[in-house]
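Trainee: Below is the sequence, then the predicted model.
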There are 2 protein chains.
Amino acid sequence: MTDVAKLANVSQMTVSRVMRNSGYVSESVINRVVSAATEIGYVNNRLAGGLAGADSSLVGVVLPTLQNRVFSEVLSGVTTAFSESNVQPVFGVSEYSQRVETQLVLDLLAWRPKGLILSGLEHSKELRDTLLASSVRVVEVMDIDGRPIESSFGFSHRKAGWEMAQHLLGKGYKRFAYVGCQPNRDLRAVKRYKSFCNTVHRAGAQMVVTKYSDEPSSMLIGRQCTEAILREKHKPDVIYYANDDLAAGGLMHCLAHQIQVPKQIALAGFNGLGFLESLPMQITTSRTPRFEIGTAAAEFVSGDPKELVEPVKVDFAVDLVAGDTT
Amino acid sequence: MTDVAKLANVSQMTVSRVMRNSGYVSESVINRVVSAATEIGYVNNRLAGGLAGADSSLVGVVLPTLQNRVFSEVLSGVTTAFSESNVQPVFGVSEYSQRVETQLVLDLLAWRPKGLILSGLEHSKELRDTLLASSVRVVEVMDIDGRPIESSFGFSHRKAGWEMAQHLLGKGYKRFAYVGCQPNRDLRAVKRYKSFCNTVHRAGAQMVVTKYSDEPSSMLIGRQCTEAILREKHKPDVIYYANDDLAAGGLMHCLAHQIQVPKQIALAGFNGLGFLESLPMQITTSRTPRFEIGTAAAEFVSGDPKELVEPVKVDFAVDLVAGDTT
DNA sequence: AGTAAACATGTTTGCGCAAACATATTCCTC
DNA sequence: GAGGAATATGTTTGCGCAAACATGTTTACT
């Protein structure tokens, strides 16, 4: 900056003002500084800027995985929101481990981010305490069933489970099955499941099978679990899947074996992923606004850090889309 | 750090040594410092660290989109590789725009990253010049057909197009169609397409239809384009899709309308996405090692910045997987 | 014309850390 | 038991920038 200042015949501070366009600088000086900067190829050093007191304009984002479309869509929303501002996301993947998540966030805090976007409401006590004590703005996305550290942008998984159960009960189904993956990792799916089961039982219907895979969720797993369930003695008349990938896999199994859907077996998923539209049948599912949650969270954390913002809990309601598989 | 130093009764510099575990520090001092740091909840400030001369341990990652699984898998590979080291990726999405990409990278450089991971070999002249002049390690991923800025980790799209054409010609197909999306954005698909056409023509066969959508690629678009092609007067006997999403959409159309694959129409895709496994038929495709390219690129850029590394061009060969749709 | 505001620039200082360069203090070797 | 190496700690300094606080210079309004 000093070099630019010399070339433009002004003080370093004036260059700083031009770069951030803050304070008063005359038109002519701006031009001189800008051309001087371009001439010597000056690149602003944000490390120094951050250290000297400006806000760091970094936001930490920690998600459980990128293997699942759901989270890459959240991230997509986040980056889209940041593309307008000059905020940059620093990214980490926790692999659904609270230990890893805690470590990642601790590392991120070393960059003095202005905000943090985490996934879900379940974190290690250490992480929770650290963040409560720190001054960074924290948003937890994709869930609101619980006590957020600060703000949460998401929806109620319990309600989603209840709603789907209601829908299926309304359609007259009596014998329910559930297919999920890694229940000790995907805690939000478990919330849906429990709520779903409760609703089913209260209506006097029963869960005839619950099938969990240890593998990460995928269409293939959904297909395999469906095949296994349909070979069981006590066949259900509807399967509720933890997500659309599993459900779509189930549909593929039915298609490949000429099993009538929903006559012989009905299927329901969760998330409302875009690719469902192109399947031969429209799968009944609950649409979740993943991209929107990402953008909203990004905008929230990247606001002016000086202005105090009340913690909020925003419910981006899920939207049950009745397809033709139920 | 000074506070920790006081509490542990040592100098600030010794604390610094303990934090980075570099240099000589005695066992007892380490313990004292660590417990002092924990006691006051000290969080290392990497802005200051970076400014003071240590390498910043940030790596910039700019990809064209996250809507496409391909790139979220690359990113997944990158983050996986970084999870071991204490390097953090700063992330940006260019939306396939060279202008946006240039701006993003310029912003990233302000963080003095130790490396940069970009996608493809086509960039603005400004970006190319800036990066050639700078000292950050640059890796361009997913393509090697061209002149990289420094190093490139990817595969040959020309070869992939040629290989698929050879495969289809070998199967006896004579009338070829192609379906793609946004050809002025997805430059790599165009490379495959051109090479594919050349090979087809040289073998005396012909391209009967080429269909481009202006929408981003998706299964639904693939399905719609396939329907349109099959209504044309001059029907092809095989369709080569720009990617697996389109191809899978094509398959869905055929499944939904009882069109015999490959008897009435054969289908081929590109990428070898995981979800293909679960479809009722195995689509012929070229498997690309996206995750592996991500990890390799991440490891390459995050190496010790002091040691000079020769630029490399690594060919992660694509792997043609003959399914039962051709 | 006089004065307060708005405008335009400059000087000093410190953010928190790690290189670079001291000193001590041990340890080993001949 | 002398002397060099290995070990252990401390002091000074500067990275590049932006707050904080000057100090001029216009403009605007009475």
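Mentor: Here it is on my side, so go on.
Trainee: phi, psi of residue A:3?
Mentor: phi -60, psi -50 (degrees, to the nearest 10).
Trainee: Can you name the residues of the stretch 51-200 of chain A sitting close to chain B?
Mentor: For the stretch 51-200 of chain A, the residues in contact with chain B (Cβ under 8 Å from any Cβ of the partner chain) are A:51, A:56, A:58, A:61, A:65-67, A:69, A:72-73, A:75-76, A:79-80, A:83, A:86, A:88-93, A:95, A:100, A:106-112, A:130, A:133. Quick note: C-beta positions are derived from backbone N, CA and C, even for glycine.
Trainee: Which parts of the stretch 201-326 of chain A are helices?
Mentor: A:219-231, A:244-256, A:290-301 (DSSP state H, counting those that start in this stretch).
Trainee: Out of these, which one sits most buried?
Mentor: helix A:244-256 (a mean of 27; mean count of other Cβ atoms under 10 Å in any protein chain shown).
Trainee: what's the model's confidence in it, averaged?
Mentor: For helix A:244-256, the mean pLDDT works out to 96.
Trainee: so how far is it off the chain centroid?
Mentor: Chain-centre distance of helix A:244-256: 24 Å, with Cα atoms, centre = their mean, to the nearest Å.
Trainee: so residue A:135 is in which element?
Mentor: Residue A:135 belongs to no helix or strand when elements are defined using DSSP states H and E.
Trainee: What helix or strand is residue A:118 located in?
Mentor: Short version, using DSSP H and E: residue A:118 is in strand A:115-119.
Trainee: model confidence over that strand, on average?
Mentor: 96.
Trainee: Can you list the strands that it pairs with?
Mentor: Strand pairing for strand A:115-119, determined by DSSP bridges: strand A:58-63 (parallel), strand A:137-141 (parallel).
Trainee: To residue B:299, which of the ones you listed lies closest?
Mentor: strand A:58-63 (21.4 Å; Cβ to Cβ).
Trainee: can you list the residues that contact the closest one?
Mentor: A:50, A:71, A:74-75, A:78, A:82, A:87-94, A:101, A:104-105, A:108-109, A:111-119, A:136, A:298, A:301-302, B:90-91, B:111 (Cβ atoms under 8 Å, 6 or more residues apart in numbering or on different chains).
Trainee: Is that strand positioned near DNA strand D?
Mentor: No - applying Cβ under 7 Å from any atom of the strand, one finds strand A:58-63 separated from DNA strand D by no less than 14.1 Å.
Trainee: Would you pull up how far that strand lies from the middle of the chain?
Mentor: 11 Å.
Trainee: what does stretch A:89-109 give?
Mentor: The answer for stretch A:89-109 is 14 Å, by Cα atoms, centre = their mean.
Trainee: Is it in proximity to DNA strand C?
Mentor: No - Stretch A:89-109 lies apart from DNA strand C when judged by Cβ under 7 Å from any atom of the strand; the minimum separation is 11.3 Å.
Trainee: Can you give me the end-to-end span of that stretch?
Mentor: End-to-end distance for stretch A:89-109: 13 Å, by Cα to Cα, to the nearest Å.
Trainee: again with stretch A:37-56
Mentor: 22 Å.
Trainee: do the same with stretch A:209-221
Mentor: Span of stretch A:209-221 from end to end, Cα to Cα: 16 Å.
Trainee: now check that stretch, is it near chain B?
Mentor: Yes - shown here: stretch A:209-221 in contact with chain B (Cβ under 8 Å from any Cβ) through A:218, A:219, A:220.
Trainee: what pLDDT, on average, does stretch A:97-106 get?
Mentor: Mean predicted confidence for stretch A:97-106 is 95.
Trainee: hmm, who's touching that stretch?
Mentor: Counting by Cβ under 8 Å, 6+ apart, A:60, A:62, A:64, A:92-94, A:116, A:118, A:122-124, A:126-127, A:130-131, B:43, B:83 sit against stretch A:97-106.
Trainee: Repeat the analysis, applying 6 Å as the threshold.
Mentor: Stretch A:97-106 is contacted from outside by A:62, A:92, A:94, A:124, A:126, A:127, using Cβ atoms under 6 Å, 6 or more residues apart in numbering or on different chains.
Trainee: so which pair among the residues you listed is furthest apart in space?
Mentor: Largest pairwise distance in the contacts of stretch A:97-106, by Cβ to Cβ, is 16.2 Å, between A:92 and A:126.
Trainee: Have a look at these two and say which one is more surrounded.
Mentor: residue A:92 (23 against 14; other Cβ atoms under 10 Å in any protein chain shown).
Trainee: Apart from its neighbours in sequence, what residue is nearest that one?
Mentor: residue A:104 (3.9 Å; Cβ to Cβ, 6 or more residues apart in numbering or on different chains).
Trainee: thought residue A:239 was touching residue A:177?
Mentor: Yes - taking contacts as Cβ atoms under 6 Å, residue A:239 lies within contact range of residue A:177: 4.5 Å.
Trainee: Could you list the contact residues of chain A toward DNA strand D?
Mentor: Counting by Cβ under 7 Å from any atom of the strand, chain A sits next to DNA strand D at A:1-2, A:12-13, A:16, A:19-20, A:22, A:44-45, A:48-49, A:51-54.
Trainee: Mind doing that once more with 6 Å?
Mentor: Contact residues (Cβ under 6 Å from any atom of the strand) of chain A with DNA strand D: A:1, A:13, A:16, A:19-20, A:44-45, A:48-49, A:51-54.
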